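1. need coordinates for the below:
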Amino acid sequence: MNLTLLTSALRSRLSAFLPALLILQMITPLAAQPSPAPATGKPAVLLAGLAEHVLGVEAALKAVGMDAYRCELQTMPGQARLGFSPAFPSLEGVHLVIMADVPSRAFSPADQLRISKFVENGGRLLVFGGFYAFGPGGLKGSFLEDVLPVTTKRTFDRVRVSGELSQPGGSAKLGGCAWVHEVTVKKEAKILWQADAKPGVVSWKFGKGEVIAITATVLGEPANPFWESPAWKDELARLLKPAA
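-> Residues are numbered from 1 along each chain as shown. A predicted model of the protein is given here:
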């Protein structure tokens with residue numbers, strides 16, 4: 001068989017082998033990954049994306065007396081990919097990881113699996129929506145999505161809502177919300193807050209740990225924005241602390 005015929009044959013069969021190739025691409029880097037940065041010596045790791053400062057996560061951590069190791073989302077020098085500075089650390093001795101508007105593609109497959117194992121062994125994970133989270137962040141089909149109490153529906157998943165974030169069946173309100181990530185809530189997950197009957201904050205248990213997905217975003221200009229309200233600051237402080 002000459003080279004032209006061989007190339008044609010390979011192309012015709014590529015689609016049949018594509019799932020296996022994708023798996024190999026994900027597995028191969030796991031063995032080649034450098035060791036993670038040393039343990040932080042702090043109880044929390046804050047992975048800070050674009051909306052983190054608006055959400056007030058770092059201020060809430062200080063309010064509850066929790067010291068956090070902060071990693072900023074950035075484009076890696078000389079590389080066409082996102083990452084963190086300083087690098088995503090070892091999770092030894094860490095009790096809480098916060099993904100504040102960061103995409104799954106900022107993590108290697110090995111790092112995603114580390115987070116999954118961290119939660120399964122009793123750690124807590126908070127995932128905030130925003131510009132680079134959930135659908136736009138590439139969570140769909142990732143290792144991280146397995147850990148979450150929700151599944152993403154599509155890449156462009158943000159939908160407009162009106163009214164306030166409120167407790168299902170209750171009268172408590174956090175403030176106005178204009179956009180949420182439209183997600184599917186997994187079985188056994190619990191909706192803590194919603195807007196227009198769409199999930200805004202969802203939690204569940206994963207292994208021995210807990211995961212909270214905040215699908216409400218700081219996008220838009222609602223009346224009485226939830227992220228500026230005292231009620232949100234109180235609720236965020238509550239979410240950061242493990243359940244009694």
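2. where does the residue most central in space within the chain sit: helix, strand or coil?
-> The C-alpha lying nearest the average C-alpha coordinate of the chain belongs to V127 (Cα atoms, centre = their mean; 3.8 Å). Using DSSP: H, G, I helix; E, B strand; the rest coil, the structure places V127 in strand.
3. hey, what's it bridged with?
-> M99, A213 (DSSP bridges).
4. that one reaches M99, doesn't it?
-> Yes. Judged on Cβ atoms under 8 Å, V127 makes contact with M99 at a distance of 4.7 Å. Yep, even glycine has a C-beta here, placed from its N, CA and C like the rest.
5. anything in contact with each of those two?
-> Shared contacts of V127 and M99 (Cβ atoms under 8 Å, 6 or more residues apart in numbering): A133.
6. gap between the residue nearest to V64 when sequence neighbours are not counted and K198?
-> The spatially closest residue to V64, leaving aside those adjacent along the chain, is A237, at 5.1 Å (Cβ to Cβ, 6 or more residues apart in numbering). For A237, the distance to K198 (Cβ to Cβ, to the nearest Å) stands at 24 Å.
7. in what helix or strand does E210 lie?
-> Secondary structure assignment for E210, by DSSP states H and E: strand 209-214.
8. which other residues reach that strand?
-> With Cβ under 8 Å, 6+ apart, strand 209-214 has contacts from 118-129, 134, 147-150, 183, 192, 199-205, 239, 242-243.
9. and the residue nearest to L82 when sequence neighbours are not counted, what pLDDT?
-> With Cβ to Cβ, 6+ apart as the criterion, L82 has its nearest non-adjacent residue at 4.1 Å, and that residue is A106. A106 is assigned a predicted lDDT (pLDDT) of 91.
10. please name the nearest non-neighbouring residue to G200.
-> Going by Cβ to Cβ, 6+ apart, G200 has A216 as its nearest residue, at 3.8 Å.
11. that neighbour against F226, yeah?
-> Yes. Judged on Cβ under 8 Å, A216 makes contact with F226 at a distance of 6.8 Å.
12. thinking again about what came up before, and the residue nearest to G200, what does it touch?
-> A216 touches G129, L165, C177, V180, W193, A195, G200, V201, F226, counting by Cβ under 8 Å, 6+ apart.
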